[in-house]
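*Asks:* got a predicted structure plus its sequence, pasted below:
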Amino acid sequence: MMPTQPCPRAFQTGSICMHGVLPCSAPYARTLSPALQRSNFSSLMTPRFSRRVASKGRNTARARRVQVCAALSVAASSPWRVWACLTCAGAAGLWSEKTKWGKELSGPLVSTLAGLVLSNLGLISPTAVEYSIVNKYLLTMAVPLLLLSADLRRVFNDTGRLLVAFLIGSAATVAGTLVAIKLLPLTDMGVDGWKVASALMARHIGGAVNYVGVAETLSITPSAQAAGLAADSLICVFYFAGIFKLASSTGPDDASTTEAAAAYQAGANSKLQQETGGIQVLEGATAVGLACLICQLGSLGAKVLGLPGAVIPVVTGITVALATIVPGVLKPLVPSAEGIAAILMQIFFAAVGAAGSIRIVMRTAPSLFLFSTIQISIHLAITLGVGKLFGFQRRDLLLASNANVGGPTTAAGMAAAKGWKRSIVPSLLVGTLGYAIATFLAVGLGSSVLQHM
C-alpha cells in the first residue's frame, strides 16, 4: 500500500516536499503518485499548518546561524590561523618600511595596527593563548639578541649630543607620567592603575619590550596589560604623524659640503651595514643558542632574587654586561642576531595589536587613551622646549623623542627616511640604551613614587 503522509525529510528541513515541483532526495517521497501528492498536500496546507512550518524554518535558520558563528569563533582561535595572521602582520610591517607612508609610521607600528585590525574584525581572537607564548618566550629571547651590540662605552663615545637629547626626553617622559597620573589616577583599573602607568613610562623611554618587562615584574593582569598597549598604540599613530610633520622643514644631510662630512657618512654607512647585515646560518644559530642560555640564566637569577616575573630585567642586565665586557667576541654575531630579533619583534608587535581589543579597552579603562595622550604630549613639549633652550637642533630632539617613544628601529627608520644619514647609527645606539635602562627606571620609580600618588 502506498504511503499517504508527506516526506519526513521535508519536515526536518522546515519545508514541504512538492514532488515534481521542488527536487526531493528522499526515496520515500519519490514513491508518491502525483494524485496522492495533490490530495494529501492540499489538505495539509492550512493556514495553521503553514505557520508551524514557517516557524520551524526560522528556528532552523537561526540554529544554522549559531552553528556558523560557533564555527567562525573556533576558527578564529585556531593555533595555526593565529600564527599565520601574526607572522603575516609582522611581514607586512617590514614590507611597509619600503614605502613612504610606512617609513613615516614605522614597521613596528604598522604590524601593531595590522594585528589590531585583524583582532577587532574577528579574524583572530583577542584572547588567544599564542600571545602569551610570544610574550613569555619569543620576546624574552629577542631581548638578548637585540642587546648583543649594547656596548655602553660605544654608546657614550659615538652618540654625542644625541645622547644628551635622549636623556632629556627620558626625563620628559618621567615628568609626563607624573602629571598624567596626577590628573588621571586610573582608579578605574584598581591596583593595576599605577602599574600600567609605570609600564607606559617604560614604553616611552625604551619601547614595547620594556612595557612587557615592567608588566611581568609588577604582575599586571593580562586584560589591563593588553588595554594599556592597545590604547597607547592608537595614540602613537598620531604621535608619529606629528613628529614627521614637525620634521618637514628640516632637509636631508648634504654630504658634499665638506670632505669631512663625506668621510663621516661613509663611516656611518659602513657601521650601518655591520649593524643590519644579512643573517648567516652559523652565526644566527650561535646567537640563538647564546640568547637561550642567557634567558635560562636570567630565569634562574630572577628566582634567586625572589622576583620570578623579573626575567626580562635580569636578562637585560646580563646581556648589557656581556656586550660591554667582551664586545669583540660578540661582534661577529651581531648582524645575524639583530636580523633574527627583527623578525621576532615584528611578531611581537603584531601580537600586541591583536591582544588589544578596542571593546576591552573601553570596558577596562577608557581613560587610558587620555592618559597616554597627556603623557606623550608633555614628553614632546618638554623635550622640544628644553632642547631649544640649550641650543639643540630640532632634528636631534625629534630623533631622541622617537627613540624614547618608538625605540631604536623607529628612530633609525626616521633618520633614514628624512635623509639624516649621519644620525642613523647614533639613533640605533641611544634607542638600544633605552632598552637597557627603561625597565629598571620604571620599576624603581613606579614602586617608590607612582604607587603612593
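*Replies:* Nice, I can see it.

*Asks:* what about the residue lying closest to residue 203 once chain neighbours are set aside, which SS state?
*Replies:* Nearest non-adjacent residue to residue 203, counting by Cβ to Cβ, 6 or more residues apart in numbering: residue 211, 4.0 Å away. Every residue, glycine included, has its C-beta placed from N, CA and C. Following DSSP: H, G, I helix; E, B strand; the rest coil, the label given to residue 211 is helix.

*Asks:* distance of residue 211 from residue 152?
*Replies:* Distance check for residue 211 against residue 152: by Cβ to Cβ, to the nearest Å, it reads 22 Å.

*Asks:* ok, the two, which is more surrounded?
*Replies:* Taking other Cβ atoms under 10 Å, residue 211 and residue 152 do not tie; residue 211 has more neighbours (27 against 17).

*Asks:* who touches that one in this structure?
*Replies:* 199-200, 202-203, 228-229, 232 (Cβ atoms under 8 Å, 6 or more residues apart in numbering).

*Asks:* how does it look with 6 Å?
*Replies:* By Cβ atoms under 6 Å, 6 or more residues apart in numbering, the residues touching residue 211 are 199, 202-203.

*Asks:* try residue 302
*Replies:* 308, 310-311, 314.

*Asks:* before we move on, which element is it in?
*Replies:* Secondary structure from DSSP states H and E places residue 302 in helix 281-304.

*Asks:* what residues sit buried inside that helix?
*Replies:* Buried residues in helix 281-304, counted by 16 or more other Cβ atoms under 10 Å: 283-284, 287-288, 290-291, 294-295, 297-299, 301-302.

*Asks:* ok, back up a step: what's the closest of the contacts of residue 211 to residue 133?
*Replies:* residue 199 (19.9 Å; Cβ to Cβ).

*Asks:* what number of residues lie near the closest one?
*Replies:* When counting by other Cβ under 10 Å, one arrives at 31 neighbours for residue 199.

*Asks:* assign residue 125 to helix, strand or coil.
*Replies:* Relying on three-state DSSP, one would call residue 125 coil.

*Asks:* how much space separates it from residue 319?
*Replies:* Distance of residue 125 to residue 319, given as Cβ to Cβ: 33 Å.

*Asks:* tell me which of these two has more neighbours.
*Replies:* residue 319 (27 against 21).

*Asks:* residue contacts, that one?
*Replies:* By Cβ under 6 Å, 6+ apart, the contact list for residue 319 reads 144, 147, 294.

*Asks:* picking up where we left off before, could I have the buried ones of the contacts of residue 302 as PyMOL selection syntax?
*Replies:* This is how PyMOL selects the buried members of these, with burial counted by 16+ other Cβ under 10 Å:
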select buried, resi 310+311+314
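
*Asks:* ok, so of the contacts of residue 302, who is nearest residue 435?
*Replies:* residue 314 (14.1 Å).

*Asks:* tilt between whichever strand or helix holds the closest one and helix 281-304?
*Replies:* According to DSSP H and E, residue 314 maps onto helix 311-325. Interaxial angle, helix 311-325 versus helix 281-304 (axes from the mean of the first three to the mean of the last three Cα atoms, to 10 degrees): 120 degrees.

*Asks:* tell me the first helix or strand C-terminal of helix 311-325.
*Replies:* Taking DSSP H and E, what comes next after helix 311-325 is helix 327-330.

*Asks:* now residue 233, nearest residue through space, not along the chain?
*Replies:* Nearest residue to residue 233, sequence neighbours excluded (Cβ to Cβ, 6+ apart): residue 112, at 4.7 Å.

*Asks:* what about the closest residue to residue 221 other than its chain neighbours, neighbour count?
*Replies:* Nearest residue to residue 221, sequence neighbours excluded (Cβ to Cβ, 6+ apart): residue 192, at 5.8 Å. For residue 192, the neighbour count with other Cβ under 10 Å is 23.

*Asks:* thought residue 220 was touching residue 192, still the case?
*Replies:* Yes - Residue 192 lies in contact with residue 220 (Cβ atoms under 6 Å); the separation is 5.5 Å.

*Asks:* which residues touch residue 181?
*Replies:* Contacts of residue 181 (Cβ under 6 Å, 6+ apart): 197, 450, 453.

*Asks:* could you rerun that using 7 Å?
*Replies:* Neighbour list for residue 181: 194, 197, 450, 453 [criterion: Cβ atoms under 7 Å, 6 or more residues apart in numbering].

*Asks:* rounded mean pLDDT for the helix or strand hosting residue 215, please.
*Replies:* Counting by DSSP H and E, the element that carries residue 215 is helix 208-217. Mean pLDDT, helix 208-217: 90.

*Asks:* what's the angle between that helix and helix 281-304?
*Replies:* Helix 208-217 runs at 30 degrees relative to helix 281-304, counting by the same axes, to 10 degrees.

*Asks:* now the element after helix 208-217, going C-ward?
*Replies:* Once the chain leaves helix 208-217, the next helix or strand it forms, by DSSP H and E, is helix 222-246.

*Asks:* for that next one, packing partners?
*Replies:* Applying 3 or more Cβ pairs under 7 Å, 6 or more residues apart in numbering; DSSP states H and E, we find helix 222-246 packed against helix 100-105, helix 107-120, helix 192-203, helix 208-217, helix 334-354, helix 358-364, helix 367-389, helix 394-405.

*Asks:* circling back to that earlier point, could you dump the buried residues of helix 281-304 into a markdown table and include distance to residue 82 and pLDDT?
*Replies:* Formatted as a markdown table, the buried residues of helix 281-304 follow (distance: Cβ to Cβ, whole Å; pLDDT from 0 to 100):
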| residue | distance to residue 82 | pLDDT |
| --- | --- | --- |
| 283 | 30 | 93 |
| 284 | 25 | 93 |
| 287 | 27 | 95 |
| 288 | 23 | 96 |
| 290 | 29 | 96 |
| 291 | 24 | 95 |
| 294 | 28 | 96 |
| 295 | 23 | 94 |
| 297 | 30 | 95 |
| 298 | 27 | 92 |
| 299 | 25 | 92 |
| 301 | 31 | 92 |
| 302 | 28 | 87 |
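
*Asks:* let's have those residues in a markdown table, adding distance to residue 413.
*Replies:* Formatted as a markdown table, those follow (distance: Cβ to Cβ, whole Å):
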| residue | distance to residue 413 |
| --- | --- |
| 283 | 24 |
| 284 | 23 |
| 287 | 23 |
| 288 | 25 |
| 290 | 27 |
| 291 | 24 |
| 294 | 27 |
| 295 | 27 |
| 297 | 32 |
| 298 | 29 |
| 299 | 32 |
| 301 | 33 |
| 302 | 32 |
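
*Asks:* which two in the residues you listed are spaced the farthest apart?
*Replies:* The span of these, defined through Cβ to Cβ, is set by 283 and 302 at 28.1 Å.

*Asks:* picking that back up, and the residue nearest to residue 233, what's its pLDDT?
*Replies:* Looking at residue 112, its pLDDT stands at 85.

*Asks:* was I right to think it contacts residue 348?
*Replies:* No - Residue 112 lies out of contact with residue 348 (Cβ atoms under 7 Å); the separation is 9.4 Å.
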